[in-house]
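1. fold the following.
(one chain, ligands or ions: 1)
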Amino acid sequence: MKPTIGFIGLGLMGGPMASNLVKAGFPVTVWNRTASKAESLVKQGAKLAANPRAVALQADVLITIVSDPAALEEVLWGANGAIEGLRRGSLYIDSSTVSPDLARRVAKVCANRGVEFLDAPVTGGNWGAEKGELLYMIGGDAKAFDRAKPVLDVLGKKFFLLGPNGAGQTVKLGMNLLLALQVDAFAEALALVTASGVPAEKLMEVMQSSMARSGVLDVKAPMMVKGEFPASFPLRLMHKDVRLALELARDKGVTLPCGAAAYATYSAVLDSSKDDPDFSAVARFWKT
Ligand code: NA7
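-> Presented below is the predicted three-dimensional model:
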């Protein structure tokens, strides 16, 4: 018997993840703040619950993936929140990117209710979510991870158990800080080269053979050169992750001068963008 999955948050990432679980034959109960996003999943065979609490009540394994710390607090502790519904003996996996502190707070509340908890943020964008090829950064104990593995195998292809609760979120923030800086740095070099009259393609060609080569740029550089930014990982969420990294750095007494500069650039583009672009739209900074 496959465990019943409760799934909260059917955005760019959560929608395809929940769909993959249904396709893999798990009984899945879903909830999303905007109910219309659950329609296609219900057609595929998922059950729709009235609120987060009702999802948790039915779940052997609860998964959440919502935008940010405020959204997670809302689905867990807001009206009819999921925490109240979590059953003793169940497992809860949060794949939102939030602060390590919030992850540890959730872990504590879960432990008091006899619930196992993993902070398990992901990377891989909506393509990784659709293909079931996400990379997981996990905080929690090995026993909970072993229990989660048959479910996570449907959603991801690489799993890193990084330490106690909070470790998954900590590594995710470090990783995304690096991604944000790489893409920002490429946009900056691109602006310099093209303003000097050399085509962008020349920079890309040389980069591919140099030490500046980077997997991120294989995917994002072509978008930046074309000036087209369909969201795989939205800029508003990368902006949030850099903010969370800066907050963590402040707590730990670490200075992040490059992070602070990148945050200002991402903020300026976020404020002036009327659409909901991918984070590679940071390149717009040099177009305005
Ligand atoms: P999306 O596509 O912006 O989806 C965000 C999800 O979070 C979506 O289901 C939202 O519901 C939900 N959300 C946002 N705020 C709330 C509140 N206040 N209450 C309940 N639900 C909420 O993001 P992604 O799927 O790309 O990313 C999700 C996470 O993974 C994020 O932490 C990334 O950094 C990594 P809606 O549909 O808007 O009603």
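2. quick check: residues of this protein near the ligand?
-> 9-14, 32-34, 37, 65-68, 71, 74-75, 96-97, 234, 237, 241 (CB under 6 Å from any ligand atom). Every residue, glycine included, has its C-beta placed from N, CA and C.
3. ranges for the helices of the stretch 1-150 of the chain?
-> 14-23, 39-44, 52-58, 69-77, 82-85, 100-113, 125-131, 142-155 (DSSP state H, counting those that start in this stretch).
4. give me the buried positions along the first one.
-> Buried residues in helix 14-23, defined by neighbour count with 16 or more other CB atoms under 10 Å: Gly14, Gly15, Pro16, Met17, Ala18, Ser19, Asn20, Leu21, Val22.
5. before we move on, what about the third one?
-> Applying a neighbour-count criterion of 16+ other CB under 10 Å, the buried positions in helix 52-58 are Pro52, Arg53, Ala54, Val55, Ala56, Leu57, Gln58.
6. right, and the last one touches Thr29 too?
-> I take that to be Gln58. Yes - with contacts counted by CB atoms under 8 Å, Gln58 reaches Thr29, the gap being 4.8 Å.
7. now do the shared contacts for the two.
-> Thr4, Gly6, Lys47, Ala49 (CB atoms under 8 Å, 6 or more residues apart in numbering).
8. for the ligand, see how far away the first one is.
-> Summarising the geometry, the distance separating Thr4 from the ligand, computed by CB to the nearest ligand atom, to the nearest Å, is 20 Å.
9. and what of the last one?
-> For Ala49, the distance to the ligand under the criterion CB to the nearest ligand atom works out to 13 Å.
10. who's in contact with the closest residue to the ligand within the stretch 1-150 of the chain?
-> Closest residue of the stretch 1-150 of the chain to the ligand, CB to the nearest ligand atom: Gly11 (1.9 Å). Going by CB under 8 Å, 6+ apart, Gly11 touches Asn32, Lys37, Ile65, Val66, Ser67.
11. give me phi/psi at the last one?
-> It stands for Ser67. phi -60, psi -50 (degrees, to the nearest 10).
12. what's around it, how many residues?
-> 20 (other CB atoms under 10 Å).
13. name the nearest residue to it, sequence neighbours excluded.
-> Nearest residue to Ser67 in three dimensions, chain neighbours excluded: Leu237, at 6.6 Å (CB to CB, 6 or more residues apart in numbering).
14. how far away is Ala283 from Thr4?
-> 44 Å (CB to CB, to the nearest Å).
15. between these two, which one's more packed in?
-> Ala283 (24 against 16).
16. pretty sure that one contacts Ala187?
-> Yes - here Ala283 reaches Ala187: they are 4.0 Å apart, a contact under CB under 8 Å.
17. need the overlap of contacts for the two.
-> Met224.
18. can you redo the buried residues of helix 14-23 as TSV with pLDDT?
-> As requested, the buried residues of helix 14-23 are arranged in TSV below (pLDDT from 0 to 100):
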residue	pLDDT
Gly14	98
Gly15	98
Pro16	98
Met17	98
Ala18	98
Ser19	98
Asn20	98
Leu21	98
Val22	98
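19. which one is Pro71 nearest to, not counting chain neighbours?
-> Pro isn't right for residue 71; it's Ala. Ser96 (7.1 Å).
20. how many neighbours does that neighbour have?
-> 27.
21. state the pLDDT value of it.
-> For Ser96, the model assigns a pLDDT of 98.
22. check Thr288 too.
-> For Thr288, the model assigns a pLDDT of 63.
23. and Ser232, by the same measure?
-> So Ser232 comes in at 89 (pLDDT).
24. can you get me a residue count around it?
-> Neighbours of Ser232 (other CB under 10 Å): 19.
25. how about the secondary structure of it?
-> coil (DSSP: H, G, I helix; E, B strand; the rest coil).
26. wait, it sits on Asn126?
-> Yes - using CB under 8 Å, Ser232 makes contact with Asn126 at a distance of 5.2 Å.
27. now for the two: what residues contact both?
-> Common contacts of Ser232 and Asn126, defined by CB under 8 Å, 6+ apart, comprise Leu12.
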